[in-house]
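Asker: Below: sequence and its predicted model.
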Amino acid sequence: MARFDIEAIGMDLLSKVLSLILLFLVFYAIKKIVAVSIRKIFLPSIRVSTQDIGRQKTIARLLESGLNYVLYFLLLYSVLTILGLPVSSLLAGAGIAGVAIGMGAQGFLSDLVNGFFILLERQFDVGDVVGLTNGSIKIKGTVVSVGIRTTQVRDADGTLHFIPNRNILVVSNQSRGDIRVQVDLPLSLRADLAKVAQVIEAVNQKELSRLTAIKGAKVVGPQTLENGQFVFRVQFFVTSGQQGSIYQQFYTLYQEALLEAGIDLT
């Protein structure tokens with residue numbers, strides 16, 4: 001009799017282990033199929049191919065994130081069922097655990113709703129450079145991923161921030177439209193401003209025509225900064241994402257041209 005019980009327990013345990021292994025294999029396969037289907041089948045079918053790459057990545061990531069939550073829920077439900085736990089009783093429980101889950105669900109729902117409006121209003125897409133503000137907390141960087149619950153932003157030093165969507169109150173998107181670049185050249189108060197302007201205009205005439213990233217240039221002229229520094233200011237409007245390279249390039253060109261003309265920068 002004892003032998004029969006041991007064999008029955010062993011067979012039941014083996015059956016559950018095999019069922020769990022098969023379940024995880026099926027889950028892994030479905031997860032891969034879902035990811036491939038979204039990118040290769042679903043997105044082309046709803047005609048988002050005309051959208052930019054960032055928009056496509058955003059929609060794909062949101063769809064994949066939402067379906068993953070459903071798959072993980074089904075996986076957990078199936079595991080509990082295979083182990084023989086009373087899933088229905090657990091789901092119907094209304095004790096302390098139920099209250100905790102309810103509070104968590106409330107936060108999750110807020111994340112979901114806010115994430116939906118971020119997508120609907122297209123506040124930002126994957127690849128955009130943004131500043132996210134919540135009171136005194138400010139995060140600036142490149143959007144890496146937009147999920148159904150969180151948004152991932154990588155800042156300038158490489159830190160990856162995971163931000164719950166409900167905590168995103170103000171979005172400052174620097175990747176929409178042209179960006180202003182301001183070049184301030186520090187000069188002596190005794191500098192010949194007419195000669196400085198002539199040198200700047202000569203550099204602009206030579207360089208601007210070959211750079212499509214620059215949408216417009218304006219020679220503002222002499223300015224005094226708040227710290228008392230005297231500068232000669234030039235402003236550009238450039239394609240988003242090009243502001244850093246344009247600033248470095250023209251500051252170098254202006255500096256070399258001014259030094260060559262005998263005008264020292266302070």
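Answerer: Arrived safely. Worth saying up front: this structure is predicted, and the values here are computed from it rather than measured.
Asker: For the stretch 51-200 of the chain, which segments count as helices?
Answerer: According to DSSP state H, counting those that start in this stretch, the stretch 51-200 of the chain carries its helices in the segments 53-82, 87-92, 96-120, 193-207.
Asker: pLDDT below threshold where in this structure?
Answerer: 1-5, 42-58, 86-106 (pLDDT under 70).
Asker: domain ranges for it?
Answerer: 2-92, 179-260 (automatic domain parsing).
Asker: okay, how far is it across the last one, tip to tip?
Answerer: Just to be clear, that refers to domain 179-260. 30 Å (CA to CA, to the nearest Å).
Asker: Can you tell me what sits against stretch 13-25?
Answerer: Around stretch 13-25, the neighbours that count as contacts under CB atoms under 8 Å, 6 or more residues apart in numbering are L75, S78, V79, I82, L83, G84. For every residue, glycine as well, the C-beta is placed using N, CA and C.
Asker: okay, now the first one: neighbour count?
Answerer: Spelled out, that is L75. If you count neighbours by other CB atoms under 10 Å, L75 ends up with 16.
Asker: cool, the fifth one as well?
Answerer: Other residues near L83 number 11, with proximity taken as other CB under 10 Å.
Asker: which ones are touching it?
Answerer: K16.
Asker: And it, how far from S19?
Answerer: Separation of L83 from S19 (CB to CB, to the nearest Å): 9 Å.
Asker: I figured I59 was touching L119, is that so?
Answerer: Yes: using CB atoms under 8 Å, I59 is in contact with L119, at 7.5 Å.
Asker: and L132, what does it touch?
Answerer: Applying CB under 8 Å, 6+ apart to L132 gives the contacts K138, I139, K140, T151, V153, I163, I168, V170, V171, S172.
Asker: By neighbours, which of those wins?
Answerer: T151 (29 neighbours).
Asker: Let me know whether it touches R166 as I believe.
Answerer: No: the pair T151 and R166 does not pass the contact test of CB under 8 Å, sitting 10.6 Å apart.
Asker: related to what we said a few turns ago, pull the most distant pair out of the contacts of stretch 13-25.
Answerer: The most widely separated members of the contacts of stretch 13-25, counting by CB to CB, are L75 and G84 (16.5 Å).
Asker: who's in contact with K138?
Answerer: G131, L132.
Asker: what's the closest non-adjacent residue to T150?
Answerer: F162 (5.1 Å; CB to CB, 6 or more residues apart in numbering).
Asker: The one you found and G244, how far apart?
Answerer: 26 Å.
Asker: so can I have a markdown table of the domains of the chain showing distance to V126?
Answerer: Below are the domains of the chain laid out as a markdown table (distance: least, CB to CB, whole Å):
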| stretch | distance to V126 |
| --- | --- |
| domain 2-92 | 4 |
| domain 179-260 | 14 |
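Asker: Check which helix or strand Q248 maps to.
Answerer: Assessed by DSSP states H and E, Q248 sits inside helix 243-260.
Asker: Alright, calling it a day.
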